[in-house]
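In: heads up, no residue letters with this:
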């Protein structure tokens, strides 16, 4: 009953906000805002606050509004942010917690910069990612000895030699390595260059962790650079292990907290969070830049390229001339959401797709280091075990038939394939 009441309250609050944005200058507008402020005090669950802010911020799906509508949109957004300021830091809108410390022009600039950043991010997100969709299956090139680490069953069962488990599955988890190890030296700074912003210090340790994937599963250049010169493998993952994003407001924030229901009862009562989706990761296409312009690559339609370029042009205009250190820092925080979604056009052949995670100081307990690596490379693990659909053996992978019996013992559904490339 409490949840039903909250749902009704949320629907009512959305209606009040939309009415103000659309109509404006209503005789009873002050009364409506007062009623909304009172209603917000009864929003005990953060998911309702976040959904209300989504409905305001992405009014008209985030596209440009008429100037009067934009003014009203920001006004009502600020009203909700002000009333719920204490809870805001626990949502993806934590960026706006100190909004009241900026003047009106600064608020307008930051609102638009945040909007454009989220729209770029949404354009790069993989959408309508269906379980049986074969047009975009992502794979990960890796070394031969990494294959053994990735295809593992539960230790206790392996050690005891048990073979009576008909539904065995891979228990290993994918690793996301620190962004400092990426081969593109422009990682994380290319976007700043495109927007004519000062470059950050690359020497500083990154808080970003990522896993590089591709739909280019059997490519000589990829085998040479990432597949141990053809002696490695490409591990193709099942699409069901990734989160589908169909609306811009469904995206998680990389740098802000993610609201997750705490109890199974909450999950069952609240249809906004599906239990099986809680730990799924979003996938993002990498956008390639040449001379600060977006170029075409095989994961994008021409319409996508045009849209992303328009957003970047608007972003460049929005950040131009900003001299205040405080605003610069706020812009820097905002752009952090999309910095690692851009690479040099030199790497366009990779058709890269990424899983990204931002690790805050508080979450550093999740960081591990690779014991087999002299440099002790840092990494984090995905929350759920790998869902391996297929393993492609590289063109120089020796004795693949020696590797397949154990792999199929671990998971009988994993398929095998040899590279079709002739290489020695």
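Out: Here it is on my side, so go on. On a predicted model such as this, the values are computed, not experimentally measured, just so you know.

In: give me the below-cutoff pLDDT ranges for the stretch 251-400 of the chain.
Out: Applying pLDDT under 70 to the stretch 251-400 of the chain picks out residues 257-278, 373.

In: what ranges do the helices span in this structure?
Out: 2-22, 29-40, 46-57, 67-83, 85-88, 104-124, 144-150, 155-160, 190-194, 220-226, 264-269, 302-319, 325-335, 400-410 (DSSP state H).

In: any idea which of the ones you listed gets closest to residue 377?
Out: Evaluated over the helices of the chain, closeness to residue 377 peaks at helix 144-150, with 12.4 Å, by Cβ to Cβ. In short, each C-beta sits where N, CA and C put it, glycine included.

In: other SSEs contacting that closest one?
Out: With contacts taken as 3 or more Cβ pairs under 8 Å, 6 or more residues apart in numbering; DSSP states H and E, helix 144-150 sits against strand 233-237.

In: by contact count, what packs against the strand it packs on?
Out: Partner elements for strand 233-237 (3+ Cβ pairs under 8 Å, 6+ apart): strand 139-142, helix 144-150, strand 388-393.

In: okay if I get these as CSV plus distance to residue 402 and mean neighbour count?
Out: Below are those laid out as CSV (distance: least, Cβ to Cβ, whole Å; neighbours: other Cβ atoms under 10 Å):
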stretch, distance to residue 402, mean neighbour count
strand 139-142, 18, 23
helix 144-150, 11, 15
strand 388-393, 11, 22
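
In: tell me the centre residue of this protein?
Out: residue 282 (4.9 Å; Cα atoms, centre = their mean).

In: near the spatially closest residue to that one that is not a sequence neighbour, how many other residues are there?
Out: Spatial nearest neighbour of residue 282, excluding adjacent residues (Cβ to Cβ, 6 or more residues apart in numbering): residue 243 at 4.9 Å. Counted by other Cβ atoms under 10 Å, the residues lying close to residue 243 total 18.

In: just checking, residue 243 touches residue 279?
Out: No. Counting by Cβ atoms under 8 Å, residue 243 stays clear of residue 279, with 9.1 Å between them.

In: for the nearest residue to residue 299 once chain neighbours are set aside, what are its contacts?
Out: Nearest residue to residue 299, sequence neighbours excluded (Cβ to Cβ, 6+ apart): residue 285, at 4.7 Å. Neighbouring residues of residue 285 by Cβ atoms under 8 Å, 6 or more residues apart in numbering: 124, 125, 126, 299, 300, 341, 352, 353.

In: may I see the buried residues of stretch 111-129?
Out: If you call a residue buried by 16 or more other Cβ atoms under 10 Å, then stretch 111-129 has these buried ones: 111-126, 129.

In: could I get the average pLDDT for that stretch?
Out: In this model, stretch 111-129 has a mean pLDDT of 90.

In: can you give me how far that stretch is from the chain middle?
Out: Chain-centre distance of stretch 111-129: 10 Å, with Cα atoms, centre = their mean, to the nearest Å.

In: which residues touch that stretch?
Out: Contacts for stretch 111-129 (Cβ under 8 Å, 6+ apart): 57, 62, 74, 77, 95-96, 136, 239, 242-246, 248, 251, 282-287, 304, 307-308, 311-312, 314-315, 318-319, 331, 334-335, 337-338, 341, 353.

In: what subset of the residues you listed is buried?
Out: So, by 16+ other Cβ under 10 Å, the buried ones in the contacts of stretch 111-129 are 57, 62, 74, 77, 95-96, 136, 239, 242-245, 248, 251, 282-287, 304, 307-308, 311-312, 314-315, 318-319, 331, 334-335, 337-338, 341, 353.

In: restricted to strands, list the contacts of residue 285.
Out: Of the contacts of residue 285, the ones assigned to strands by DSSP state E are 352, 353.

In: widest-spaced pair of the contacts of residue 285?
Out: 125 and 352 (14.0 Å).

In: so who does residue 381 touch?
Out: 173, 174, 175, 176, 366, 368.
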